[in-house]
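A.B. asks: Mind folding the following:
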Amino acid sequence: MGFRDLKSPAGLQVLNDYLADKSYNEGYVPSEADVAVFEAVSDPPPVDLCHALRWYNHVKSYEKEMASIPGVKKALGKYGPANVEDTTGSGATDNRDDDDIDLFGSDEEEESEDAKRLREERLAQFESKKAKKPTLVAKSSTLLDVKPWNDKDMAKLEEYFRSIQVDGLVWGSSKLVPVGYGIKKLQIQCVIEDDKVGTDMLEEQITAFEDYVQSMDVAAFNKI
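C.D. replies: Numbers count the residues shown, from 1 in each chain. Below you'll find the model as predicted:
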């Protein structure tokens, strides 16, 4: 497996043990193997790791000449003892046997695809049910007070009002209410869909009968 993390105490201990009977990491002269390991160590090993420290100081003496040191630099894991337990978790993927590589995808990937497909199917079902579910229509019950110029023909006045037919408007009951001096006003109820009909629109259409209507007020307005 070779060297791993040479900045950790465990990694430095492996290096120290490896150099106990060696002057260099490969062969009998400084090589690119020593350069690679030296760069990975970066700082002097502690004094209790005497073999690693001795090697470090020796290689450091070649620091200005490292560019001319012979050899071909390889990955750090290619140097050092062949059987070293990797306690850092690094290189675990690099050291898998080729037989462990699944060229057709793992079961976990297949399950992930199945889960994705199931989620999409459930989402489609939810959207379909949501589309079929009837939308709640907001409505309001409105009571209108209409004062006429005179109350001689209130039936005709009401007939005019009920002639206003728009989508979202339903006329209800009506009655005549005394306002004083023998004069009566028309009080009429209607139900409107809030998104389609507004009281401003009703007032505009009702007061358009200006020969009959003096004013219009909203006496009550309640959400249904």
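
A.B. asks: pretty sure I69 contacts G27?
C.D. replies: No - here I69 does not reach G27: they are 11.5 Å apart, not a contact under C-beta atoms under 8 Å. Placement of C-beta: from N, CA and C, glycine included.

A.B. asks: Pick out whichever of the two has more residues nearby.
C.D. replies: Comparing I69 with G27 by neighbour count (other C-beta atoms under 10 Å), the higher total belongs to I69, at 16 against 13.

A.B. asks: quick one: the more buried one and S31, what's the gap?
C.D. replies: 6 Å (C-beta to C-beta, to the nearest Å).

A.B. asks: can you check V37 too?
C.D. replies: 10 Å.

A.B. asks: And the pLDDT for the residue nearest to P81 when sequence neighbours are not counted?
C.D. replies: Take P81 and drop its neighbours on the chain: the residue closest to it by C-beta to C-beta, 6 or more residues apart in numbering is Y18, 5.4 Å away. pLDDT, Y18: 90.

A.B. asks: ok, and the helix or strand in this structure with the lowest average confidence?
C.D. replies: Of all helical and strand segments in the chain, the minimum by mean pLDDT, DSSP states H and E falls on helix 107-132, at a mean of 72.

A.B. asks: All the strands of this protein, residue numbers only.
C.D. replies: 139-148, 169-180, 183-193, 213-223 (DSSP state E).

A.B. asks: List the buried residues for the last one?
C.D. replies: The one in question is strand 213-223. Residues of strand 213-223 classed as buried by neighbour count (16 or more other C-beta atoms under 10 Å): 213, 216.

A.B. asks: What mean pLDDT does it get?
C.D. replies: 89.

A.B. asks: Distance check, K147 against F161.
C.D. replies: With C-beta to C-beta as the criterion, K147 and F161 are 13 Å apart.

A.B. asks: who has more neighbours, those two?
C.D. replies: Neighbour count, other C-beta under 10 Å: between K147 and F161, F161 has more, with 21 against 15.

A.B. asks: My guess is the more buried one contacts T207. True?
C.D. replies: No - contact status for F161 versus T207: not in contact, 11.1 Å apart, counting by C-beta under 8 Å.

A.B. asks: Now V137. Nearest residue, chain neighbours left out?
C.D. replies: E193 (5.7 Å).

A.B. asks: Tell me who's in contact with the one you found.
C.D. replies: 137-139, 167-169 (C-beta atoms under 8 Å, 6 or more residues apart in numbering).

A.B. asks: List the beta-bridge partners for it.
C.D. replies: Beta-bridge partners of E193, counted by DSSP bridges, are K139.

A.B. asks: quick one: it from D200, how far?
C.D. replies: E193 sits at a distance of 15 Å from D200 (criterion: C-beta to C-beta).
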